[in-house]
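S.K.: Provided below are the primary sequence and the corresponding predicted coordinates.
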Amino acid sequence: MTNTLKIILASAILFTFTFCEPKSAPKNNALTEAVINQKVDSVLALMTLPEKIGQLNQYTGDNTATGPITINPNKQQEIKEGLIGSMLNILGTKYTRQYQDLAMQSRLKIPLIFAQDVIHGYKTTFPIPLAEAASWDLEAMQLSARIAAVEASASGIHWTFAPMVDIARDPRWGRVMEGAGEDTYLGSKIAFAKVKGFQGENLNNVNTIMACTKHFAAYGAAVGGRDYNSVDMSERMLWETYLPPFKATIDAGVATFMNAFNDLNGIPATGNSYLQREVLKGKWNFKGFVVSDWGSIGEMINHGYVKDGKGAALAAITAGSDMDMESNAYRNNLEQLVKENKVSMTLIDEAVKRILHKKFELGLFDDPYKYCNPEREQQALNNPEHTKIARAMASKSIVLLKNTPLGEEKGARILPLSKNIKTIAFIGPMVKLKRANHGFWAIDLKEIDSSYIVSQWEGLQNKVGKNTKLLYAKGCDINDDNKNGFAQAIATAKQADVVILSIGERWNMSGEAESRSNIHIPGVQEDLVKAIAATGKPIVVLINAGRPLIFNWTADNMPAILYTWWLGSEAGNAIADVLFGDYNPSGKLPMTFPRVEGQIPIYYNHFNTGRPSINEDKIYKSAYIDLPNSPKFPFGYGLSYTNFKYSDLKLSKNKMKSDETIEVSLKITNTGKVAGEEVVQLYLRDKVGAVVRPIIELKDFQKISLKASETKTITFIIDKEKLSFYNEKVEWISEPGEFDLMIGSSSADIRLNSIFELTN
Ligand code: BGC
């Protein structure tokens, strides 16, 4: 058979398998697994080796690059030749259509997948993930991912590189902003919700996108909090603390995984067969595909794990990395490796199949332009409903750190502010910024201006009536030592009844490659706080940041502090809602805030040690001689404009067998004058274990809302799962013995206690 004939035949078969649906199957309905597998096999049978390798290849497009670009001037030609499977950083239906057009000129017309880091919203930007985690509101977080998917998919995107589920106990690491914080239980719940939000009911629905769980694995434990650094940890720690959020996304049906830059115990994650083959594709039976992190295949040379690109490609494909993002390692080496019998065709086919499978699931073979409808894009990117949801999400993410009573007037606090204040001075380098509110990993939509982002100044203007005068002074910049603006800021403060000070980190001081050894408020901003405090005016401080910062003077001396993170496009309105009590703050910290960097890594669920620091009188104890072990603000902490009373703790029984459960009930009463929400947190301590257990561990929580004076009874169920842990052989076990039950408003504010026993 001549080559031309082969191609004609092949195309005919492909057409039959991909474009002719059985009459009974309505168009756009999800295909069954068996049908997809059949279609995948039929396409695979037609592919040449270079075309197969092409599917494993991903390049960045023209939009803002998110890593060091490998220059390849032939990208467009390669797409036409079917040598590229996916592109990232191409945004908008106009551009994705242009690129898909190129793919449609290829021999087999296999559509491209367009990927993007849709981390916290697309055009409508939501709070950074760490901020959202502070809401402890799983439904709200699922919804924000849903809206992000609606907008991104309308803009031509099929795949987001989110959620990042790396547990992180080190706020020096800039990427803490991108995850759910330090806790495995909370992180797992959020990871699950995010995948459900992005992927919706079914990937075939045009308004869903594939999620990508990253970074597999343990990237958050980079030594010293320095990005890309090594990770060394016991297998038990890996399984108990770092892997559960990854597993949670498998349970949620996540489509893809991304491996990681770090080495884990000496083996780069990208070339790590244990992680990708044994655990992910083996034990967890993950059916989707794995993309490398940006250039991480090639970086195995720098790690000193392989000699050259060929070695890198061999290590990565063998270990189970299916797609090569921007390393060119597969493109340049896989064909030769197959010829030399170092990589089997089965290995290549397995990776290709996983990718084609997703293309079928997305419905791209039926209609490669399915996500390229400009009218839909126009509507989805200008939907006022999305704005409302972003505002609500932003309000829920704010944490009230302090609101102490003022002076003699017993009980009076600054917050919430009265709407009758005559003059408010809004001071600080963050007040009038717009982009700053988006934070790191916001989408850079070059064709859209930033007028839709509500600055904090605009938010305040929108909120106050005509009778309130607003004054502004910048005071200083975010990160330099210039105090020239202080005098004007002080003069402005003196004219006001209340001062709001907005300080924090520049939007790109936390994020990828933004590790900091010093996590104090940058520049002279805290000096500005001191200078304004000297005026004696009542002050509310807003702290905008992508990580827990250190601000001891402010924390000790300022009466009212809101941690406002980076809240997204509705930041200004959401902050104003909280400042004036239109939303009663309900956020709780998802990470421990240290007193000084010297305490890091710091996390709430540590072991007791043989010489716990509680023994105040002892010298030989596990403590620093120059500061307490306790953090500045603990995990789970956050205040409200009302108070909650915890009472009537009841356990259905005090002893349970491992196939039984205990029902725990308690009452929560809103004892204040305004409605509010409380995150009721359930912690356990396994008192004696085959391996030592943390002194306290979050095992459940409920976020409830209560009107003023309302009481609600809530229940939790304790089952064997909550009492289990990994033993020294990394087996998931439970052991008979006593458990402390602690229920509280934060990990350091336990309101109700009990003890129960597991008997077998
Ligand atoms: C990051 C990933 C990201 C990728 C693509 C990498 O540098 O580590 O999280 O998804 O770039 O932008």
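M.R.: It's in. Numbering: from 1, shown residues only.

S.K.: pull the contacting residues for Ala390.
M.R.: 121, 124-126, 144, 147, 568-570 (Cβ atoms under 8 Å, 6 or more residues apart in numbering). Every C-beta, even on glycine, is put in place using the N, C-alpha and C of the backbone.

S.K.: which of the residues you listed fall within helices?
M.R.: 144, 147 (DSSP state H).

S.K.: now a ChimeraX select for only the buried ones of the contacts of Ala390.
M.R.: Of the contacts of Ala390, the buried ones go into a single ChimeraX selection, burial set by 16 or more other Cβ atoms under 10 Å:
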select :121,124,125,126,144,147,568,569,570
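
S.K.: CSV please, covering the contacts of Ala390 and showing pLDDT.
M.R.: Below are the contacts of Ala390 laid out as CSV (pLDDT from 0 to 100):
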residue, pLDDT
Gly121, 98
Thr124, 97
Thr125, 98
Phe126, 98
Ser144, 98
Ile147, 98
Gly568, 98
Ser569, 97
Glu570, 98
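
S.K.: mind listing the strands for the stretch 51-200 of the chain?
M.R.: For the stretch 51-200 of the chain, the strands defined by DSSP state E, counting those that start in this stretch cover 57-60, 86-88, 113-116, 159-160.

S.K.: render the CA-only coordinates of the third one in PDB, please.
M.R.: This file holds the C-alpha atoms of strand 113-116, laid out as PDB (Å, rounded to 0.1, in the frame of the first residue of the first chain):
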ATOM      1  CA  ILE A 113      -6.000  21.000  24.500                       C
ATOM      2  CA  PHE A 114      -5.600  24.600  25.700                       C
ATOM      3  CA  ALA A 115      -4.400  24.800  29.300                       C
ATOM      4  CA  GLN A 116      -4.000  27.800  31.700                       C
END
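
S.K.: sheet-wise, list the partners of it with their directions.
M.R.: strand 86-88 (parallel), strand 159-160 (parallel) (DSSP bridges).

S.K.: ok, the shortest one near the ligand or not?
M.R.: By that I understand strand 159-160. No - using Cβ under 6 Å from any ligand atom, strand 159-160 stays clear of the ligand, coming no nearer than 8.8 Å.

S.K.: re the thing from before, closest one of the contacts of Ala390 to Leu83?
M.R.: Gly121 (32.9 Å; Cβ to Cβ).

S.K.: the closest one reaches Glu570, doesn't it?
M.R.: No - counting by Cβ atoms under 8 Å, Gly121 does not reach Glu570; the two are 10.0 Å apart.

S.K.: still on that earlier bit, CSV please, covering the strands of the stretch 51-200 of the chain and showing mean neighbour count.
M.R.: Shown next, in CSV, are those (neighbours: other Cβ atoms under 10 Å):
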stretch, mean neighbour count
strand 57-60, 24
strand 86-88, 24
strand 113-116, 26
strand 159-160, 26
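
S.K.: can you redo the ones you listed as JSON lines with mean pLDDT?
M.R.: Below are the strands of the stretch 51-200 of the chain laid out as JSON lines (pLDDT from 0 to 100):
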{"stretch": "strand 57-60", "mean pLDDT": "95"}
{"stretch": "strand 86-88", "mean pLDDT": "97"}
{"stretch": "strand 113-116", "mean pLDDT": "98"}
{"stretch": "strand 159-160", "mean pLDDT": "98"}
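
S.K.: beta partners for the closest residue to the ligand within the stretch 301-450 of the chain?
M.R.: In the stretch 301-450 of the chain, the residue that lies nearest the ligand is Met325 (6.6 Å; Cβ to the nearest ligand atom). Beta-bridge partners for Met325, by DSSP bridges, are Gln58.

S.K.: correct me if wrong: it contacts Ser292.
M.R.: Yes - using Cβ under 8 Å, Met325 is in contact with Ser292, at 5.0 Å.

S.K.: the more surrounded of those two?
M.R.: Using other Cβ atoms under 10 Å as the criterion, Met325 and Ser292 rank with Ser292 on top: 30 against 24.

S.K.: returning to that earlier point: out of the strands of the stretch 51-200 of the chain, flag the one nearest Met300.
M.R.: strand 57-60 (17.0 Å).

S.K.: show residues contacting that closest one.
M.R.: 66-67, 69, 72, 75, 78, 83-89, 115, 291, 323-326, 330-331.

S.K.: up against the ligand, what does the chain have?
M.R.: 66-67, 88, 117, 161, 214, 293-294, 512.

S.K.: give me the buried entries from those.
M.R.: Going by neighbour count (16+ other Cβ under 10 Å), the residues of the chain next to the ligand have 66-67, 88, 117, 161, 214, 293-294, 512 buried.
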